[in-house]
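Trainee: A structural model of the following input is requested.
(chains A and B)
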Amino acid sequence: MCADQTILANREGLRSGNLSPMQQVRAAGGRAPDPHVTGGWLSMQEYADGEEVDFAIVGTGAGGGTLAAELAEAGFSVVAFDAGPYFRPLEDFASDETAQSQLFWTDKRIVDGDNPLKMGSNNSGKAVGGSTVHYAMVALRQRPESFASRTKQGFGADWPISWQEMWRYYTKAEDALKISGPIRYPWGPKRPRYPYRPHDLNAAALMLAKGAEALGIDWTETPLATVSAPRGKSPPCVYRGFCRVGCSTNAKQSALVTFIPRAIRAGAEVRDLAMVGRIEVNKDGRATGLHYHRAGQWRFQRARNVIVAGYAIESPRLLLNSATDRHPDGLANSSGLVGKYLMTQSNQAVFGVMDDEVRWNKGPPSLAITEHWNYDDRKDFFGGYIHMSQGPLPVEWSSVLTGSKGLWGDALLGELDKYNHQVGLKMVGEMMPQERNQVTLADEVDQYGLRVARITYSWCDNDKAMIKHALDFMQQQAEAAGVKEIFRQKNDTNHLAGTIRMGADRRTSVVNADCRSWDIPNLFVCDGSVFPTTGGVNPSLTIQALALRTADRIKELSRRGEL
Amino acid sequence: MSFQPLPARPERTLRLLDSLFRRNKPAADPARIALDRLGRSFERARATAIVAARPGLPDALRHQPLVSPRKGVDAARALNRASGLLAFSVLTDSALEHYRGAFRNKAMFTPLATSALTVAASLHGTTDQRESAHLFRDVTYALAAVTGLVGTAFHVFNVGSRVGGFRWVNFFYRAPVGAPMAILISGLFGVASERLRREGPGGRPTVFGLGAGRTLATITAGSMAGTVGEAWLLHFRGNFQNPAMYIPVTIPPASGALLMDAAIRGGEKRRTAARASLWATVATGIAGTFFHAYGVQRMMGGWRNWKQNLLDGPPVPTPPAFTGVALAGLAALDLLEGDDA
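Mentor: Numbers count the residues shown, from 1 in each chain, chains lettered A, B, ... in the order given. Next comes the predicted model:
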């Protein structure tokens, strides 16, 4: 550790009575950091390893964090594990993109296939609160037909839950996060008014709006999980623009500042820097607890039920790594589908420059959106996509210029000079679920001695057709808004889904509509990995809606004695 | 309501202002001023005598107003106060908000100038006991009203000119369409006050040739509705996140309605109800200032970061606009007294 880092670590240690959250556990000794108060603590109930808790939850992000709060508030004993650190946003988050890579899951993984995924910044987080600590807060509902893609749209698979039910839980999730959204949403069935009013548009968003009006399509302010007015101890957003590398004001309604404090206040224990390596199953085929690595040693927590919420790479990896003689292909894998049907979302973009100064980094990155191509079915491919205005920070932008545009040296510097005039439109597109896209185990092991994930990904023709359509359309829209020097970023992808799909038939799915394993009745999986199809919108709100539904179902099953 | 005359000293400086506007003959007439003074001295002497003799006086005399019962002038001065308070609110608010907008358009200086003049005119009027309009004040108030109208047009244009036009997000974050109305109202109250200073036929004060009480009540109720509309829009934008944000969209409209009720149907009970609700609105304006100061504290960094949060937080200077409008309403009520008979 160099001198500067030592000083920083010491200063922080003095402030919060703790060393760097990356090295030392913070949620211990009967207390956990209060993310809303500098140096503040929440008193936290703790459970002994030998005590059989009602629920052991793996992961504290959109799925796990939500369930921890809901189940603890329902009176269950809950311990939630996260491999990542317990950050204090007010103290730990620097206005420095490089330093903030601490939020990403950058552990070793192997990628292959025709279109290998780039893992890290925009698809996996490692922190209490999960990826919601660094996500762009875009909170969208999937189109009703997306929950029955097979029967209504002719591709993929149907969800085992009706869209009406999912939309009811979307309403609850939106309220739990006080989503700031438009007064009238232009697409789809009528939805209740968003709990908070929309944010103002920055110049980058106005470009999208101008282009949309020129082409005669609808646009609106993006529904976002960052408050536009005070909420409790969250001040309204001040438009710093550092959302994707950690919000240091707590305006962002991440799981870290919403569900986690709720969970702890309701009696849940959260264990930071606790990597779960293996779920134990007894000879009756029931889970009995889990092995986790914390503070330098492997431990075993007993539990009546286990919920896996580690997202589309780590969740299947955990199930596969938990293989035993009785379950040689991994847990809950009688269908053989654990790890299969991995999906990402296409994240291609067009970028260019405006004559006027734009300063696109000001404010949340995507303040304006159009869902036109999710709802307009006059297209020659399956699925749909949204596109939104953009505002990458300088380091991220330079990585686009080097990685996607291939610039280096003087050419790169010259292009970076245009930063304050830069604008962009970026898609989030639905990729097809393909069995060949999958997560398997590699022979190599990580720092915990666990076999790492091998992630195989190839685009299909439909994916390529959609990307081409989106790039053409976005370019047309940008040009209509007066954007010059247009460059098409053709290679980016982001959010993940699939790998532990839910369904109505145990032969073609891993979990049922309650996110409960068909094989192991006290094992649940609740995160993006259960999505049978990924839809053309950012997945976080759908995961949270699903977690709220799963919590209700668990309460119901418990009442009926069927847990 | 009747107001005690202020001590003579500030008047001397204000009379300097008078001398700049000599065309207003009656006001500048030294004999008239001397008479005024004499009259006021007499009033004071009478008041002192009454107070001294108070225990022995019959009830009817004791409750007589202590100052000259020239209702028109008293009401006019009350309106000067209302107008001045509104103008002060506009002065501070437009200074903050237009500074925030970097005075991008030179016209953005206009409300600062006219509201400052209006504050001066109102201070002048408040201390002026004379039964005549004053050219400086009259012109200033008219200018304020025009500024309000033109400003509203500017703000409406600002909302509509951004992509998306008249959609909610532009009403929320572009120039607030209701804000220039405050200086329009301030000007209207001022112009009305100048008219009031002349007794109408039969000794009943009039404004624009109509019964002063009802006319003023109507202007006040209209102003209240506009001010409430502005508060509603911005509190809706703030999602009524604090229940106190409902106060300015409940109490003031109720007081406006009660005032209209008292003006149209008359009766002591209705006037009492209106008076109580208007005082509640006066209090709403004052409390609002403190609530907004608390709102600034709830922004990131609170008052420690005042340079940013005074601009981005809830506007501290705006709530007294309610107090100003309510004061005008109270003056209207005074004029309505005895209308039933």
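Trainee: Would you mind listing what in the stretch 101-250 of chain A touches chain B?
Mentor: Contact residues, the stretch 101-250 of chain A versus chain B (Cβ under 8 Å from any Cβ of the partner chain): A:182-184, A:195-198, A:200-201, A:206, A:209-210, A:213, A:221, A:228-231, A:235-236, A:238, A:249. Using the backbone N, CA and C atoms, a C-beta is placed for each residue, glycine as well.
Trainee: Give me the buried entries from these.
Mentor: The neighbour count (16 or more other Cβ atoms under 10 Å in any protein chain shown) marks A:182-183, A:195-198, A:200-201, A:206, A:209-210, A:213, A:221, A:228-231, A:235-236, A:238, A:249 as buried among those.
Trainee: ok, residue A:133 - contacts?
Mentor: A:87, A:103, A:125, A:127, A:246, A:254-256 (Cβ atoms under 8 Å, 6 or more residues apart in numbering or on different chains).
Trainee: hmm, 10 Å instead?
Mentor: A:35, A:60-61, A:84-85, A:87, A:89, A:93, A:100, A:103-104, A:125-127, A:244-247, A:252, A:254-257 (Cβ atoms under 10 Å, 6 or more residues apart in numbering or on different chains).
Trainee: For chain B, see how far away it is.
Mentor: Residue A:133 is 18 Å from chain B, where distance means Cβ to the nearest Cβ, to the nearest Å.
Trainee: thinking again about what came up before, which of the residues of the stretch 101-250 of chain A next to chain B fall within strands?
Mentor: Among these, the ones falling in strands (DSSP state E) are residue A:221.
Trainee: Keep only those of the residues of the stretch 101-250 of chain A next to chain B that are in helices.
Mentor: Taking DSSP state H, the ones among these that sit in helices are A:206, A:209-210, A:213.
Trainee: ok, of those residues, which one's closest to residue B:94?
Mentor: residue A:206 (25.4 Å; Cβ to Cβ).
Trainee: just the strands in the stretch 201-341 of chain B please.
Mentor: Taking DSSP state E, counting those that start in this stretch, the strands of the stretch 201-341 of chain B run over residues B:206-207, B:210-211.
Trainee: now those strands as TSV including distance to chain A and mean pLDDT?
Mentor: Output for those, formatted as TSV (distance: least, Cβ to the nearest Cβ, whole Å; pLDDT from 0 to 100):
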stretch	distance to chain A	mean pLDDT
strand B:206-207	40	75
strand B:210-211	41	78
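Trainee: Return the most buried member of these.
Mentor: When you average the neighbours per residue for each of the strands of the stretch 201-341 of chain B (mean count of other Cβ atoms under 10 Å in any protein chain shown), strand B:206-207 leads with a mean of 23.
Trainee: What parts of the stretch 101-250 of chain B come near chain A?
Mentor: Proximity of the stretch 101-250 of chain B to chain A, by Cβ under 10 Å from any Cβ of the partner chain, involves residues B:162-165, B:167-174, B:235-242, B:245.
Trainee: Narrow these to those that are buried.
Mentor: Among these, those buried by neighbour count (16+ other Cβ under 10 Å) are B:162-164, B:167-174, B:235-239, B:241-242, B:245.
Trainee: What about these, which are in helices?
Mentor: Counting by DSSP H, those contribute B:168-173, B:235-237 to helices.
Trainee: quick revisit: could I get the ones in helices among the residues of the stretch 101-250 of chain A next to chain B in a markdown table, plus columns for pLDDT?
Mentor: Formatted as a markdown table, these follow (pLDDT from 0 to 100):
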| residue | pLDDT |
| --- | --- |
| A:206 | 97 |
| A:209 | 98 |
| A:210 | 97 |
| A:213 | 97 |
